[in-house]
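Student: Predicted model and sequence below, questions to follow.
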Amino acid sequence: MLHENPPMLNIDVNHWRNMQALFLQSAKGKRRIVVIHEKGELLKVVHSDRIAIVNPLLKVDDALAAAKKVYEANPGNAEFVMVLERRAVEKYFAEVQDSWKAEEDLDVYVHRMFAKLDDYPEGIVTYPDKARDTLGLQWKVGASYEAVDAVLKNLVPVNTTILLAVFDHNQAWGSLVLEVDEQKKICDITTVDPRDLLGSGDWKEMSKEMVNWVNRKFFPCSLGIFTDLATAREFIAASDKLAELKKLVAAGKVLLDPMPSELQKLL
Amino acid sequence: MSMSAPSHLTNAMKAGGQQFQVGEKVVSLYSGAVHYWRLDRDKWDEILDKVIGMGFNAITSYIPWEIHEIKPGEFDFGQIKPSNDIDAFITLCESKGLYVIVRPGPQINSELTWFGYPRRILEDSQLQALTSMGSKAVLTQVPKPIPALCYAEDKFFEETAVWYDAIMKILAKHAYPKGNLIACQVDNEMAFFFHINPYECDYHPASIRGYREFLKKKYGTVGKLNDVHRQKYASIDEVDPPRRFEGQKKEDIPVYTDWIEYREHYLVDSLQRLANMMRERGLNEIPLFHNYPHPLGPGGSVSGITTPFNLLALEDKLDFVGFDIYSRKELYDHVKTVVSYVVGTSRYPFIPEFIAGVWPWYLNPGGFEDEEFVTKAAMMHGIKGFSRYMIVDRQRWLASPVSVDGRVRKENYEMFRRVNELANSLKIGLMSRRVDVLLMANRDYDRLEAASVLVTFPGDFLEPLLGFSEYPNYMSVSEKPLGFKEPVQMAKSAWFMKNYKALTDTGHLFLLSDSALPLEKLQAYKALVVSSFEFMGTDLQKKLVEYARSGGTVVFGPRVPELDEQMFADTTIKDALNHAPSTPLNVDGVSIGTVYTIGKGRMIYLPAMEDANLCVTAALKDLDVIKINKSDLRLDVAVHVSADHDRIIVFVANPTAEPSTAKMQLSVPVKSMTDLWESKPVVVEDSAWTDTLPPYTIKIYECTK
């Protein structure tokens, strides 16, 4: 998905920061309890904030059950519990790293890193949610990697640009510009540059100016997605993305302009 | 470390006093990073003028092997792509009166696809570092994850030599005094490619051979090694390094800490090798330096300043060593720790990469206000020079004051202009921190902490998957006591932070260093504060006793050591205490410790530190140490004096999210003060003044005596 050399120039720090906050979730930023064991022998039970916790474990026989027990013994004190078996962690990372190939895209490698956690159901465990949905830096698109990849492959024409802009009280709050090359790789990621825009009128008028700006600077815009912050959050939280999108477009809360023909057919 | 000037030192370091000299002139280096190859050549001139407009006197640039190599042995230095003409770029900088600092790698990161190497180098399996499990050691970074390379493998240096042959020819022509090229960085952020975790790498056969050589040099014979490791190796050539922590008792420790110590040497030795290659190719008259990386992630680490880094050992091979800093304003303590350590330890305290904008996968980036705050914080704690990275945007960088097309971000630009103007007008680079107390990180304890990490995982520029800091800490290290009263690998951080906080709260101004600092440098301080457990290195025990004998005060605890770092009996300190007259250290009739008179000085033992502020105050009260009384303990203060002690500059920081109105009083006489940022006088009485500091603000006062 990601090209090996995207320029990523002229990123606006405010738009970028806001889009990170909208789309990314850090496990490291969460309050969590960590349990480390070796073949069941408890070695460590610790809270990320160093607060005192209740440890109901004497050993770890069933990692998921242990994680649940610790979680329930400390209500409100942690967003998740992680249980790690030392050897399993060593094997897991060895496997992930040895799979590296220079020609692979970053997202392929990272996706495999997360997917492989499912192969360690006893060794690297989180509760209440699965490890691959909990750990590391998660994207909050509310769709799987495969689904996002499918959208890119099936709906977005080659050599075009996707523009996403989020507004808050009619001010541009965040934006993403994604250029897609002839191999359907994302060959550039940036934001709109507010220095180049007048930013007058309501968000629908601003969206037109942004599309014109993209067309001057990048591949022609084939998909422009414009909405306000509250609606963006609503969409991210929805499980049936297509149904939600139809509803929001019909309600005028999401503007899709321009829109590729493939997406028009779906809607 | 030898105190006579090491033979490798160039003229730049001859001024002494932590100064940088160009020719006969002492210079404060305020540099901005500009990447010539990433800009239109037509824009160079205009962009350099904008950098000068902000008050910078130097340009720093990486030189990317990855970009210049067309094929092995063949390079483009402008014949194909005009903006690759590094020679012309340096010449242009020189024509504008700018000093130039270069960073030709081989590794440069710089958010390049292949981290600065030609792709073929990373794909060469002979050059790839290995994990303890025998896999490649892959750093997840954008836009491509990359495998770490083995910096012990000869082939790596042979490949690098071809690059160096080509680039050094150009650089040597500009090396001062022939041109304005005044310093060169060796490689970049050497930290095993951010695989800080000690069991992640490097287990490449060449590294293991290096480990065995290290053991041979340290122990001489396999018999001596067996004594220390408590093993029965037949030969040192058969010794395999530890691949995970399995220590149960104290006698197991040296096996692990030797691996940790070797990793420090691995970095130092490889950098020395690269530095010698540079010197052999004509860069033998300008200083060579290195930039250890900033600890990744919020909070850094309590002692990420020591292992796997060894600043003192590296300054035995290079001219100077700094740490990079990319902190937001909320990480004031990180800036303070890193800068105080570099000021307390380095020959020339310099920040080779100091935040100016960030890389795109830096989560929650700040703004120019953060950069103003941390710049003042670094100046406050004594930094003498820095290179702002990046002062001009480029691919995969954002929020620099100058865009790649030459446009200026006005607020950022003006902020940099003002702070540089202030730094230059203060001549802060020529002043010194007025400090009487040194807080020491104990390298032996830091090595044990590193060795006892329970989980092995790779570095990750996005976010370490398991959520652990790359640096071993309370979340990842073993809790086994290993035969001590408490797990030293856990307790040592608690004691360090207790002392750090107590010294700050009680207004005792201090610097940081580590236990490897030579005795002669320790003797510049009136008091040393160091944590002490059941074991303490032989050299350190001797140094502390000798320091006390010569008139200094050592404040230590919670235990009196009886073992050395190899877990053999060593009662150097204990014997000195046993033979010394002693008195209890009492506060309000309660004994909190014991004062031992050793020669002309003292050793003050504090076994508990339940009220750390009380203990530190009691321990230091009889010393004439510079101190500030402050009505708000959250504020932090630093004092700088000129060489003739005529000028005093006082920095006061509010590193909190709330405003503070506080009264402060210095223990040195001050008659009048001017707030330099606001250019207004401050009312002073009996060396005391009151002021209001908004959140995340640092005020700077010039004082008269």
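Tutor: Happy to help now that I have it.
Student: Okay, helices next: where are they in chain A?
Tutor: Per DSSP state H, chain A carries helices over the ranges A:13-23, A:63-73, A:86-98, A:106-115, A:131-134, A:145-155, A:203-217, A:229-237, A:241-250, A:261-266.
Student: Output those helices in a markdown table, with mean neighbour count appended to each entry.
Tutor: Every residue, glycine included, has its C-beta placed from N, CA and C. Rendered in a markdown table, the data for the helices of chain A read as follows (neighbours: other CB atoms under 10 Å in any protein chain shown):
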| stretch | mean neighbour count |
| --- | --- |
| helix A:13-23 | 20 |
| helix A:63-73 | 19 |
| helix A:86-98 | 20 |
| helix A:106-115 | 18 |
| helix A:131-134 | 20 |
| helix A:145-155 | 14 |
| helix A:203-217 | 17 |
| helix A:229-237 | 16 |
| helix A:241-250 | 15 |
| helix A:261-266 | 12 |
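Student: Pick out the shakiest of those helices, pLDDT-wise.
Tutor: Among the helices of chain A, helix A:261-266 carries the lowest mean pLDDT, a mean of 86.
Student: quick one: contacts of it?
Tutor: A:154, A:155, A:223, A:242, A:256 (CB atoms under 8 Å, 6 or more residues apart in numbering or on different chains).
Student: One more pass at 10 Å, please.
Tutor: The contact list for helix A:261-266, computed with CB atoms under 10 Å, 6 or more residues apart in numbering or on different chains, reads A:151, A:154-157, A:222-223, A:242, A:245-246, A:256, A:258-260.
Student: So which of those is the closest to chain B?
Tutor: Set against chain B, the nearest of the contacts of helix A:261-266 by CB to the nearest CB is residue A:156 (19.6 Å).
Student: Just list whatever residues bridge to the residue nearest to the closest one when sequence neighbours are not counted.
Tutor: In this structure, residue A:156 finds its nearest non-sequential neighbour in residue A:180, 5.4 Å apart by CB to CB, 6 or more residues apart in numbering or on different chains. Note on residue A:180: beta-bridge partners residue A:160, residue A:186, judged by DSSP bridges.
Student: can I assume residue A:180 is in contact with residue A:161?
Tutor: Yes: with contact defined as CB atoms under 10 Å, residue A:180 counts as touching residue A:161 (7.0 Å).
Student: ok, and the closest non-adjacent residue to residue B:388?
Tutor: Per CB to CB, 6+ apart, closest to residue B:388 is residue B:356, 3.8 Å.
Student: List the contacts of residue 239.
Tutor: Reading this off chain A. A:142, A:143.
Student: Sorry, I should have been clearer: chain B.
Tutor: Residues B:208, B:211-212, B:215-216, B:222, B:225-226, B:229, B:231, B:233, B:255, B:258 are the ones in contact with residue B:239 under the rule CB under 10 Å, 6+ apart.
Student: List just the nearest of those to residue B:453.
Tutor: residue B:255 (14.7 Å; CB to CB).
Student: Torsion angles phi and psi at residue B:43?
Tutor: Main-chain torsions, residue B:43, degrees, to the nearest 10: phi -90, psi -10.
Student: ditto for the one 10 residues further on
Tutor: Backbone torsions of residue B:53, given as degrees, to the nearest 10, read phi -60, psi -20.
Student: now swap in residue B:584 and tell me
Tutor: Residue torsions, per degrees, to the nearest 10, at residue B:584 are phi -70, psi 150.
Student: The one 4 residues further on too?
Tutor: Geometry field for residue B:588 lists phi and psi as phi 50, psi 40, criterion degrees, to the nearest 10.
Student: Verify the contact between it and residue B:614 for me.
Tutor: Yes: using CB under 10 Å, residue B:588 makes contact with residue B:614 at a distance of 8.9 Å.
Student: Tell me which of these two has more neighbours.
Tutor: residue B:614 (16 against 7; other CB atoms under 10 Å in any protein chain shown).
Student: In terms of helices and strands, where is that one?
Tutor: helix B:612-620 (DSSP states H and E).
Student: The helix or strand just after that helix pairs with which strands, parallel or anti?
Tutor: Beyond helix B:612-620 on the C-terminal side, the first helix or strand identified by DSSP H and E is strand B:628-630. Here strand B:628-630 has these sheet partners by DSSP bridges: strand B:660-666 (antiparallel).
Student: Report the secondary structure element holding residue B:539.
Tutor: Assigned by DSSP H and E, residue B:539 falls in helix B:538-549.
Student: overlap in contacts of residue A:180 and residue A:161?
Tutor: Shared contacts of residue A:180 and residue A:161 (CB under 10 Å, 6+ apart): A:187, A:188, A:218, A:219, A:222, A:223.
Student: related to what we said a few turns ago, generate a ChimeraX selection restricted to the buried subset of the contacts of residue B:239.
Tutor: Of the contacts of residue B:239, the buried ones go into a single ChimeraX selection, burial set by 16 or more other CB atoms under 10 Å in any protein chain shown:
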select /B:208,211,212,215,222,225,226,229,255,258
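Student: Pick out whichever of the contacts of residue B:239 sits closest to residue A:49.
Tutor: residue B:255 (33.3 Å).
Student: Which parts of the stretch 401-550 of chain B are strands?
Tutor: B:432-433, B:437-441, B:510-514, B:527-532 (DSSP state E, counting those that start in this stretch).
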